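> Kindly return the folded structure for what I paste below:
(one chain, ligands or ions: 2)
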Amino acid sequence: MIGTALGALKSAQQPDWPDPATLATVVDLLSEQPPLTPLAESDALRARLAAAARGEALLLQGGHCAEEFGDRALVEAESTATTLRQMAEVISYGAAVPVVPLGRMAGQYAKPRSKPTEERDGVTLPAYRGDAVNGLGFTAADRAADPWRMMTAYDTAARTLDRIRLLPGADAEAEVAGVPGLPLHVSHEALLLDYESPLVRVDEATGRRYAGSGHFVWIGERTRQLDGGHVAFAAQIANPVGVKVGPTATADELLALVELLDPDAEPGRLTFITRMGAEAIREVLPGLVEKVTAAGSPALWVTDPMHGNTRVAPGGRKTRLLDDITAEIRAFVEIHRELGTHPGGLHLELTGAHVTECVGGTDPVTLDDLDLRYTTACDPRLNRGQALDLAFLAADLWRPAT
Ligand SMILES: O=C[C@H](O)[C@H](O)COP(=O)(O)O
Ligand SMILES: C=C(OP(=O)(O)O)C(=O)O
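Residues are numbered from 1 along each chain as shown. Ligands and ions are numbered 1, 2, ... in the order given. This next block holds a predicted model:
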């Protein structure tokens, strides 16, 4: 297999697969599949991200927290893709800058969790880790990790890509010209190494290895250990890669990540996705950006204003307030402007469906509304209206001063 040699490293957040023989069978099967995304398309995305890293474009990355299997999720992926495209148009027109839309989709089937187990009414079961690992239902059978789910993830990703490529407006040429097309490019967290490694493919012409699971993959806040399997995985592939950066990150850690993931300082290769929280961002981000930039790294910086701003609502549901989200986006833009660096874009959890998971917006969702349509499998997402609110805010914030 091509993407091996990670076995000796410690990799956080991996499932306890019950049966090594079944796992080996599935891993072998995955290694025989065609890549989900053509390798050359990852290079094309990398070139667009290079423009963003140079300050000539913005990245708009968005989609579900946790994609699910099944037909309902396929339909929702279409409306999410359409919403992302509409947001890209709003920002691109409003701020007069090319926008690179990048779906958080066709691969977002595995989730890192804060705790390995979940307790309800005195019953403790393994935590839900995404449809590629186990089921959301709260029974022992649902929560058992099943390697065959990785095959279903592959098939569902392929079907999702087919659907979003067929949507009207999915025109690669339009995007090349700087007018946002549909998010033809897709991304997800490269969390589940038993899925990612067997999907690595080699470009025969160049000998370079690529993740075949998506155009762009990122390493999460919980798995960015410098000596861990996830960083080693990302170091061996040529795709553009991201790393989530939370409030405890240090400049030395980021400089070490730059050394491991982008030793040749190539714009477009590495994106830092900062998720500090509205309270911590002003304290933490300036020092990180300053030191990494001073070291000569051309990394693209984008803000994820979702993951540092999760709150628990009175009824116990996880939620996020539009006020916190907008405060973090504003602070991100201001900090970069003060430093003379480029605020490179947004990373959002959103859906095209009219869910009630985040609070606020011009057609406001209130705390009392949360139970109405709370359908996420993990974290709260912006609904279509809230996502468009943020697109108009971004158009304002990124509009060049006249
Ligand atoms: O999406 C991110 C993480 O998987 C999620 O925030 C973890 O949520 P938890 O704290 O409920 O495990
Ligand atoms: C888990 C995620 O975020 P983070 O790693 O930033 O917590 C995510 O984006 O799904």
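
> How many neighbouring residues does residue 266 have?
Residue 266 has 13 neighbours, counted by other C-beta atoms under 10 Å. Where you see a C-beta, it was placed from the backbone N, CA and C, and this is true even at glycine.

> what's the spacing between residue 123 and ligand 1?
To ligand 1, residue 123 is 17 Å away according to C-beta to the nearest ligand atom, to the nearest Å.

> Sorry, wrong one. I was asking about residue 367.
If you measure residue 367 against ligand 1 using C-beta to the nearest ligand atom, the figure is 19 Å.

> do residue 280 as well
From residue 280 across to ligand 1, the span is 16 Å (C-beta to the nearest ligand atom).

> surely that residue meets residue 305?
No: between residue 280 and residue 305 no contact is recorded; they are 11.8 Å apart, counting by C-beta atoms under 8 Å.

> out of those two, which sits in the busier spot?
Set residue 280 next to residue 305 and count neighbours by other C-beta under 10 Å: residue 305 wins out with 28 against 17.

> give me every residue that touches that one.
Residues near residue 305 by C-beta atoms under 8 Å, 6 or more residues apart in numbering: 275, 278, 324, 325, 326, 328, 329, 332, 346, 348.

> Let me have those in TSV, extended by secondary structure.
Below are those laid out as TSV (DSSP: H, G, I helix; E, B strand; the rest coil):
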residue	secondary structure
275	coil
278	coil
324	helix
325	helix
326	helix
328	helix
329	helix
332	helix
346	strand
348	strand
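
> what packs against the longest helix belonging to the chain?
Ranked by number of residues, the top helix in the chain under DSSP state H is helix 71-95. When contacts are defined as 3 or more C-beta pairs under 8 Å, 6 or more residues apart in numbering; DSSP states H and E, helix 71-95 sits against strand 58-63, strand 99-104, helix 148-166, helix 384-398.

> What about ligand 2: which of the contacts of residue 305 touch it?
Filtering these for neighbours of ligand 2 using C-beta under 6 Å from any ligand atom leaves residue 275.

> from the contacts of residue 305, which single one is nearest ligand 2?
Nearest to ligand 2 out of the contacts of residue 305 is residue 275 (C-beta to the nearest ligand atom; 4.5 Å).

> Near residue 116, how many other residues are there?
Neighbour tally, residue 116, other C-beta under 10 Å: 12.

> contacting residues for it?
126, 127.

> go with 6 Å
Shown in contact with residue 116 (C-beta atoms under 6 Å, 6 or more residues apart in numbering): residue 127.

> so what pLDDT did it get?
Listed pLDDT for residue 116 reads 97.

> How about residue 184?
Residue 184 is assigned 77 on the pLDDT scale.

> and what of residue 380?
Note on residue 380: pLDDT of 98.

> Adding mean pLDDT, write the helices and strands packed on helix 71-95 out as TSV.
Compiled in TSV, the helices and strands packed on helix 71-95 are given as follows (pLDDT from 0 to 100):
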stretch	mean pLDDT
strand 58-63	98
strand 99-104	96
helix 148-166	95
helix 384-398	98
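
> unless I'm mixing things up, residue 384 is touching residue 350, no?
No: applying C-beta atoms under 6 Å as the test, residue 384 and residue 350 come out as separate, 7.7 Å apart.

> of these two, who's got more company?
The neighbour count for residue 384 versus residue 350, taken as other C-beta under 10 Å, is higher for residue 350 (27 against 20).

> which residues does the more buried one contact?
By C-beta under 6 Å, 6+ apart, the neighbours of residue 350 are 62, 381, 382, 387.

> Grab the nearest non-local neighbour of the first one.
This points to residue 62. Computed as C-beta to C-beta, 6 or more residues apart in numbering, the closest residue to residue 62 that is not its neighbour in sequence is residue 348, at 4.1 Å.

> And that neighbour, how close does it get to residue 313?
Residue 348 sits 20 Å away from residue 313, taking C-beta to C-beta, to the nearest Å as the criterion.

> ok, now residue 244?
Residue 244 is 24 Å from residue 313, by C-beta to C-beta.

> and the residue in the chain positioned nearest to ligand 2, how many neighbours?
Ligand 2 sits closest to residue 220 of the chain, with a gap of 3.1 Å, by C-beta to the nearest ligand atom. For residue 220, the neighbour count with other C-beta under 10 Å is 22.

> swap in the one 10 residues further on?
For residue 230, the number of neighbouring residues by other C-beta under 10 Å comes to 27.

> repeat for residue 19
11.

> In contact with it, which residues?
Counting by C-beta under 6 Å, 6+ apart, residue 19 makes contact with nothing.

> What residues are recorded as beta-bridge partners of the closest residue to residue 344 other than its chain neighbours?
Of all residues not flanking residue 344 in the chain, residue 300 sits nearest, at 4.4 Å (C-beta to C-beta, 6+ apart). Using DSSP bridges, the bridge partners assigned to residue 300 are residue 271.
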